[in-house]
Every structure is written in structure tokens, then in C-alpha cells.
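[1] Sharing a model that was predicted from the sequence below.
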Amino acid sequence: MSNALPFQTAKQLASAIRKKKIGCLELLDLYLDRIEAHNPELNAIIAMDVEGARKQAKTADRAVKAGKKLGPLHGVPMTLKESYDIAGYPTTWGNPAFKDQKVEKNSLAAQRLIDAGVTLFGKTNVPLNLADWQSYNEVYGVTRNPWDLSRTPGGSSGGSGAALAAGLTGLEAGSDIGASIRNPAHYCGVFGHKPTYGVVSPRGHALAGNVAQADISVCGPLARGAEDLELAMDVMAGPDEIDGRGWTLTLPRSKKKTLREFKVAVVLSDPNCEVDQSVQAELQKLATFLGKQKAKVSDTARPAIDTAEQNDVYVRLLRAATSGRMTDEAWNEAARDAAALSDSDMSYFAQMQRGNSLSHRTWLALNEKRHRMRLAWDEFFAEYDLLLCPVAVTAAFPHDHKDPRHERTIVVNNNQVPVVDQIFWAGYSGVTYLPASAAPIGQTTDGLPIGVQIVGPQYGDYDCIQFAKLLDKEYRSFVPPPAYQ
């Protein structure tokens, strides 16, 4: 990892502040200067409160000088995904209807991070309704990948991934229902963690003041180092005020100190979602390395699950979970489409429209299937610590804003395939509530980042992160994109 200050981990930055190697305002200004230089072409950070942030940083400097007790992230400049409420900013989810509606209260995650000491200074870009693996919308425009401006940084936490990779912020937090944390981490060469469902309260991560937690959806951190994922989870995780009256969260800490203590299964591809050889090759290199480190590695062990059924359950539950954002007109169209489809049509469009117009009775049947799969995963994790698999089928792909989305294609092993099919790898762990970390493990021949998805048992978040920390230390750490060093 580069030792250049803007590319250091949040933990390293907080340590430099505590040791008085750099001031809080000085560090903030360093990032603001970089944003002025690099953000116009990237468009990763789409809203800032510079005056408010500089005031925060000065207060933070006074606390250091006075010898006060400092939070674990004291003075670390931070941005947040646009979908989190931050007082004084609009929360639009890329929807022009909300562009002028400023919120008055911080989301719970934002407040917890502020309480831990961060200097929260801005918001990062997303796609419309957080529903794409590209990050563009009519409110804020298009975000570009710092490794190649002609390509997507991912989505829906695309601005988060791009800002971290380009050294424009110290730490980020995103959300994930369809790999929206994992995918930008993979495309931008940074780290991300999709927590176990329900362990990070989503209060204040919603559109138009909604308060119910969506199915499958979670909030979690992105960072330039795996150690930051642990630090951010320590801060973000836990119940809100109401749930906290009845339960406390005690995620088990990882007891493993070395790679050789892990027993892992490795999945390179799947008959239902073929993975490009460029990604498979890097996963295979990692598996070979783990074998040399004396870790127990299996390339055949799998949970006892039909992956075609798992994908069908996931896509329909995913679309059901997000159907509340649809207009009545769009929902009626989905219901008409679903009624006209033949039962044998298992295309993404068919699954999407069935999910968008699902009856509650069908939802209950799919949910029963989901929970049976959850038990099958748990049986698998009784024998294996982790499962390693792709985050996505390729590295970052070129911008393609053709509408409708399900008609877009990407090239996988020289074949044009629907871009939406790779949602398979998002649901692989997501539909059954499992935690998954994304960590950079290599690059394509033309220099684009490739990551691995580290899936653990329910509530095994810190084992996923511990494995990512060991990879960060012993295999590959964050590498800054050449144009931004």
C-alpha cells in the first residue's frame, strides 16, 4: 500500500492525528485540495459543506491540543454515500423529485461515525434509486472510475469506491442489497464489507423519511484497508434506540491469527453465471497461495443448495423488496408482464417482473425456501470457515446508460451476455443474510482491479474481515490508481 498520506487507512490517519504528526484541519485541507484537482473529472463527491467541515476540524484540533479523550476516528475526513441522511444536505437517491428537500437529522450511522470523531464533509454519488452497477443520475451526473474514466466505478456505492481509490476521502460507508458495497470495492480496488442482515441499523438510510428496514438490504463500510472495515463496524454496528432496549449485539471476534488456521472453499464460477477468465485466474492464484500458506482449501466443497433456485429466489425477493419505489403505472405494467409470461421463461426480465408484482402468498413461499437455504449454508459453515467466490463476472465495464437496463450487455469470455445476469453473485450470500467482505486480489492484463468475495456464516462478520486483514498484510493491499498517486 502507498504510504502517501491521502492513501493511508483511516486507522493510520487517526494515529497520525493522535501523535500530532498532522492537524485535523491540515488533513481536511489536504483532501479538499485533492478534490479540487481530481473530482471534476471523477464526479465522485457530489455535495460538500466545506465551511461546516473546517469548523468541525478546528474543534477537533482544539480537543487534541487540550489532551481530551479522542474517539477512534478522531479527525479523519469522511464522506458518506448520498443515500444516508446528513443534516443540512438533501437525500435524493439520484431522484430529481427530492433534489431540494434538505433533511434535518443525521442518520444513525452518520451520527455514530461523527461521535467516533470523523470530520464528515460531503456526500458521494449513486445511481437513480440505488438500482444500478453504474453511478449516474439526473441530479448529479455520471461518476467515473479512477482506474479508467471510460468505465463505471460500480454501484450503487460508486461514488464511495471512486473517492476512496482516488484518495479524496479517508473513509466511506455504503449500502448493499445487490452487491452495492462489494461491487464498487471490486471495480475500484478497495475493501468493503456487507454485514450480516440486521446488525447495522439502517435508521436514516431511506428515501422520503421511510423507516422500515428493507428485506436483504444492509449498511456497511468501504475503506482502503481491511483494518478500517473492523474499526468502522465497531462504530456502526448495533441496534437503534428502540431495539437497544431489548437486545445488544455481540458479534464474535475472530480467534484466527494466521491464514493457515482457515478452512476455505473456493468457487471460481457457476453454470448459472459464468465468470470471465480474467477474474477466475486471479481467484485461482489466491487459492494456490492459500494452499502454500498451509490453509485448508477445497475447490469442490459447496453448500447443499441448487444455485439456479437460489438465484430465482434472490431475484424475486430482491425485486419485491424494491418494488415499493415503483410508480403505480410501472407496478401495473410489471403485473401485466408477469401474467403474460410462460412458466418456463427464467430470463432476468421475467424474474424481475414476477418479483416486482409478487403476491404476499408467493413471497411467503419464497421466504420459506430462503430460510431452508439459510440452514444449508449454516451446515456448510459447520465444516468450513469461509467461502471465497467472485464479486462480479468481470472487472469494471465501460459506461452504458442504455435504457431499459436489462437490455444492456457486457463481454464475458468473448460472449455478449446480459449485464444484469451477474446479480447472481450478489445474491449468492445476500439473500440468506450472510456477511461478505470484498478485498482486492489482483488486476486484469490491462490494469483493472479484481476483488474476491469472502463469505462467512451468519454473524461471522469479523472472521470475514480478519481474513481480509490477513490478505491485506500478506497477499495484496490497496494500490492507488496511477493517475492519482
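    In hand now; what should we look at?
[2] most remote residue from the chain's center?
    When distances are taken from the C-alpha mean of the chain, Ala66 lies farthest, 37.0 Å away, according to Cα atoms, centre = their mean.
[3] May I ask which helix or strand of this protein has the lowest mean pLDDT?
    Within the chain, no helix or strand scores below helix 348-356, which has a mean of 91 by mean pLDDT, DSSP states H and E.
[4] Run through who's touching it.
    Residues outside helix 348-356 that contact it (Cβ atoms under 8 Å, 6 or more residues apart in numbering): 312, 315-320, 323, 326, 330-331, 334-335, 337-338, 341, 406, 418, 420-421, 423. To be clear about C-beta, it is placed using only N, CA and C from the backbone, and glycine gets the same treatment.
[5] In contact with the residue nearest to the spatial centre of the chain, which residues?
    Nearest to the geometric centre of the chain sits Ile181, at 0.7 Å (Cα atoms, centre = their mean). Each residue near Ile181 by Cβ under 8 Å, 6+ apart is listed here: Ser157, Ser160, Gly174, Ser175, Gly192, His193, Lys194, Gly220, Pro221, Leu222, Ala438.
[6] Who wins on neighbours among the residues you listed?
    In terms of neighbours by other Cβ atoms under 10 Å, those top out with Ser160 at 40 neighbours.
[7] quick one: the longest helix out of those in the chain to helix 348-356, angle?
    Counting by DSSP state H, the longest helix found in the chain is helix 360-383. With axes from the mean of the first three to the mean of the last three Cα atoms, to 10 degrees defining the directions, helix 360-383 sits at 110 degrees from helix 348-356.
[8] Now helix 360-383: buried residues?
    For helix 360-383, a neighbour-count test (16 or more other Cβ atoms under 10 Å) marks Trp363, Leu366, Lys369, Arg370, Met373, Arg374, Ala376, Trp377, Phe380, Phe381 as buried.
[9] now do stretch 194-214
    Buried residues in stretch 194-214 (16+ other Cβ under 10 Å): 194-207, 213-214.
[10] Quote the end-to-end distance of it.
    15 Å (Cα to Cα, to the nearest Å).
[11] Just flag the most distant two among the buried residues of stretch 194-214.
    The distance between the two most remote of the buried residues of stretch 194-214 (Cβ to Cβ) is 23.7 Å, for Thr196 and Leu207.
[12] thinking again about what came up before, write the ChimeraX selection for whichever of the contacts of helix 348-356 are buried.
    ChimeraX command restricting these to the buried ones, with burial defined by 16+ other Cβ under 10 Å:
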select :312,315,316,317,318,319,320,323,326,334,335,337,338,406,418,420,421,423
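[13] all helices for the stretch 151-300 of the chain, in order.
    Taking DSSP state H, counting those that start in this stretch as the criterion, the stretch 151-300 of the chain carries its helices at 158-165, 182-188, 226-236, 277-292.
[14] what do you get for the stretch 301-450 of the chain?
    307-322, 328-340, 348-356, 360-383, 424-430.
[15] nearest to Pro96, of these?
    Minimum separation from Pro96 across the helices of the stretch 301-450 of the chain (Cβ to Cβ) falls at helix 328-340, 16.4 Å.
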